[in-house]
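> Next come a sequence and a model predicted from it.
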Amino acid sequence: MRVFRTETNIQAPADLVWGILTDFRSFERWNPFIRQIRGQISVGSPLDVTLAMRGRAKVTQRHVVLRADDQRELRWRYRICLPGLYDVQHGCRLDPMPNGVTRLRHSHALRGTMADLLGRRSEAAMTEAMIEMNTALKMRAERAHRASTVQLSPAEQAEQSERTTRLNSALSWQN
């Protein structure tokens, strides 16, 4: 088995980080590694996951959700052909830390008879892609957290409310 692990501390609460991590519709806007996920977050559900790593073409694969612990861990599996040939488990775990910090633990594990061969070829690219995703998630969550803690004057609150209403109206065609 080959396992790639990365982690980072995010200066934002776990519920905010979880919200970003599970908002699959926004991935294309911020996630350089996992460009898109389609499907539901429930154990046993299929996910269509589109990956993009530097220097490689995008690839979409059918995965299945293995674990979905609310605001804690999301894990899914991809399998080539038969069990034991080439199985991939990808996951993100959020650990709340003191002072509103969240530790993101990101893993990618390869199992099976082809895992050593294919894993060796992709180890550097996979680790780099995971770090890029971690960094992008950290930036997005910390920016959202800072924005949520800023005190606005009544005039600024009214302006923000009006902008939100206009944005929601503009986006209503998507619903």
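Looks like it arrived, so ask away. Numbers count the residues shown, from 1 in each chain.

> residues touching the residue nearest the centre of the chain, list them.
Among the residues of the chain, the one closest to the centroid is Leu21, at 4.3 Å (Cα atoms, centre = their mean). Remark: with contacts taken as Cβ atoms under 8 Å, 6 or more residues apart in numbering, Leu21 is in contact with Leu74, Cys92, Leu94, Leu137. All C-beta spots, glycine's among them, are computed from the backbone N, C-alpha and C.

> same thing with Ser26?
Counting by Cβ under 8 Å, 6+ apart, Ser26 has contacts Ile20.

> From Arg140, how far off is it?
As judged by Cβ to Cβ, to the nearest Å, Ser26 and Arg140 stand 9 Å apart.

> anything in contact with each of the two?
Common neighbours of Ser26 and Arg140, using Cβ under 8 Å, 6+ apart, are Ile20.

> for the chain, what's the longest helix?
helix 115-149 (DSSP state H).

> Show me what that helix is packed against.
In this structure, helix 115-149 makes packing contacts with strand 2-10, helix 14-21, helix 27-30, strand 86-96, strand 102-111, judged by 3 or more Cβ pairs under 8 Å, 6 or more residues apart in numbering; DSSP states H and E.

> One more pass at 6 Å, please.
Here helix 115-149 touches strand 2-10, helix 14-21, strand 102-111, going by 3 or more Cβ pairs under 6 Å, 6 or more residues apart in numbering; DSSP states H and E.

> still on that earlier bit, got a quick PyMOL command for the buried subset of the contacts of Leu21?
Here the buried members of those are turned into a PyMOL selection, burial being counted by 16 or more other Cβ atoms under 10 Å:
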select buried, resi 74+92+94+137
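
> now the contacts of Leu21 in CSV, with pLDDT and distance to His108?
Formatted as CSV, those follow (pLDDT from 0 to 100; distance: Cβ to Cβ, whole Å):
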residue, pLDDT, distance to His108
Leu74, 96, 13
Cys92, 97, 10
Leu94, 98, 17
Leu137, 97, 15
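
> which of the contacts of Leu21 sit farthest apart?
Leu74 and Leu137 (12.2 Å; Cβ to Cβ).

> Report pLDDT for the closest residue to Phe24 other than its chain neighbours.
Of all residues not flanking Phe24 in the chain, Ile37 sits nearest, at 4.1 Å (Cβ to Cβ, 6 or more residues apart in numbering). In this model, Ile37 is scored at 96, pLDDT.
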